[in-house]
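Trainee: Mind folding the following:
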Amino acid sequence: MPHDFAANEPLLKRYSDNPIVGRAAIPCANAIFNSAVVSYEGEYRGVFRVDDQCRRFRMHAGRSTDGIQWDIEPEPISWKVSDPSVAAFDYTYDPRITPIDGRYFITWCHTCHGPSIGLGVTDDFESFEFLDVVLPPFNRNAVLFPRKIGGRYMMLHRPSDNGHTPFGDIFVSSSPDLLHWGRHRVVMGVRDGWQSTKIGAGPVPIETPEGWVLIYHGVLTSCNGFVYSIGAAILDLDDPTHLLHRTRRYILAPTELYECVGDVPNVTFPCAALYDEGTGEVRVYYGGADTCVCLATCSMADLLAFIKENRFDD
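Mentor: Below you'll find the model as predicted:
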């Protein structure tokens, strides 16, 4: 049934049994959240952010047959590393997984004299190779496009600072080989309301005939601190530096207990979105209150219509 855009409910419909991964799903975990999920050989695989009870940030592999019930490895991913000088894993967090040409590339916030962007790859979610630090400090929220555009790989990211950044716009960069990045261009900046403090790219952009659908987070500074909500935009297929539309209204905001109470209250933070072209359903995986992993869904038809109907006019 089409979404009633005039209704008070957000576009994304929460899964009835959220959260799908609780904070204590594996031994010694303090919280599990802001994690990446991908379809894999008829099942699902994931890379999960796990903050342990020493409050170290690590990434763990996980598997699922339905994308809802997850088995997460109790030990962090052991990365094959060719250059130890850039492979300090003091913290690794907020991963994204992008399938490109049959391989699965992982981007995350990595330790390298401050938050930088790490890049790794796996073919089977059993063995993981750390490729390099591809963007220097300070940077966060990096996600690759799932194919070359104009003969070059492209990546969204958010230049940052060394703290809990009180600012931030989304940039796009390009590369001939996934390792050397340049041509940095602004895609979009903050706007009024729920995205007035900072924004950041979320899941891998979804290719549609109308453009790349980008689901992103936006942050409002309130009297109670930061509030993280979820929005969506459409970027030009041939030139993703060209923003076509973005939402004035959020598509999901923290209102439920598991989104408002946790290690960081009032957070809905998207890191993965799976689109089933057969059913038209979009599954969005998001972190709740920096504590748990949650799921929400909508149809692609409703998402595209919502973005255009609730877009900024300028």
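Trainee: In PDB, list the C-alpha atoms belonging to stretch 35-48.
Mentor: Once non-C-alpha atoms are left out, stretch 35-48 reads as follows in PDB (Å, rounded to 0.1, in the frame of the first residue of the first chain):
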ATOM      1  CA  SER A  35      27.200  -2.100  11.200                       C
ATOM      2  CA  ALA A  36      27.300  -3.100   7.500                       C
ATOM      3  CA  VAL A  37      25.200  -5.900   5.800                       C
ATOM      4  CA  VAL A  38      25.300  -7.300   2.300                       C
ATOM      5  CA  SER A  39      23.600 -10.100   0.300                       C
ATOM      6  CA  TYR A  40      26.000 -13.000  -0.200                       C
ATOM      7  CA  GLU A  41      25.300 -16.300  -2.100                       C
ATOM      8  CA  GLY A  42      21.600 -16.400  -1.200                       C
ATOM      9  CA  GLU A  43      22.300 -15.500   2.400                       C
ATOM     10  CA  TYR A  44      23.600 -12.400   4.200                       C
ATOM     11  CA  ARG A  45      27.000 -11.400   5.600                       C
ATOM     12  CA  GLY A  46      27.900  -8.500   7.800                       C
ATOM     13  CA  VAL A  47      30.700  -6.600   9.400                       C
ATOM     14  CA  PHE A  48      29.600  -5.400  12.800                       C
END
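Trainee: Mind listing residues that contact it?
Mentor: Applying CB atoms under 8 Å, 6 or more residues apart in numbering, the external contacts of stretch 35-48 come out as 21, 32, 49, 59-67, 70, 72, 77, 95-97, 99, 104, 106, 108, 125, 271-272, 274, 285, 287, 293. To be clear about C-beta, it is placed using only N, CA and C from the backbone, and glycine gets the same treatment.
Trainee: what about it, average pLDDT?
Mentor: Across stretch 35-48, the average pLDDT comes to 98.
Trainee: Off-centre distance for that stretch?
Mentor: Computed by CA atoms, centre = their mean, to the nearest Å, the chain-centroid distance of stretch 35-48 equals 13 Å.
Trainee: Also stretch 253-271?
Mentor: 15 Å.
Trainee: Flag every buried residue along it.
Mentor: Counting neighbours by 16 or more other CB atoms under 10 Å, one finds that the buried residues in stretch 253-271 are 253-254, 256, 258-260, 262, 264-271.
Trainee: now stretch 56-72
Mentor: 57-62, 64, 67, 70, 72.
Trainee: Can you tell me how far the spatially most central residue of the chain is from E309?
Mentor: In the chain, the C-alpha closest to the average C-alpha coordinate belongs to C271, at a distance of 2.3 Å (CA atoms, centre = their mean). Applying CB to CB, to the nearest Å, one obtains 26 Å for the distance of C271 from E309.
Trainee: In terms of secondary structure, what does the helix or strand harbouring V186 contact?
Mentor: Mapping V186 onto the secondary structure by DSSP states H and E places it in strand 182-188. Contacts of strand 182-188 with other secondary structure elements, assessed using 3 or more CB pairs under 8 Å, 6 or more residues apart in numbering; DSSP states H and E, are made with strand 170-175, strand 243-246.
Trainee: In a markdown table: those strands, plus mean neighbour count.
Mentor: Listed next are those as a markdown table, based on neighbours: other CB atoms under 10 Å:
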| stretch | mean neighbour count |
| --- | --- |
| strand 170-175 | 21 |
| strand 243-246 | 19 |
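Trainee: Kindly reformat those as JSON lines containing distance to P10 and mean pLDDT.
Mentor: Formatted as JSON lines, the entries for these read as follows, by distance: least, CB to CB, whole Å; pLDDT from 0 to 100:
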{"stretch": "strand 170-175", "distance to P10": "21", "mean pLDDT": "98"}
{"stretch": "strand 243-246", "distance to P10": "16", "mean pLDDT": "98"}
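Trainee: Include distance to T208 when you put those strands into JSON lines, please.
Mentor: Output for the helices and strands packed on strand 182-188, formatted as JSON lines (distance: least, CB to CB, whole Å):
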{"stretch": "strand 170-175", "distance to T208": "18"}
{"stretch": "strand 243-246", "distance to T208": "11"}
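Trainee: Tell me where the stretch 151-300 of the chain has strands.
Mentor: When secondary structure is read from DSSP state E, counting those that start in this stretch, the stretch 151-300 of the chain shows strands at 153-159, 170-175, 182-188, 198-201, 206-208, 211-222, 225-235, 243-246, 268-276, 281-288, 292-299.
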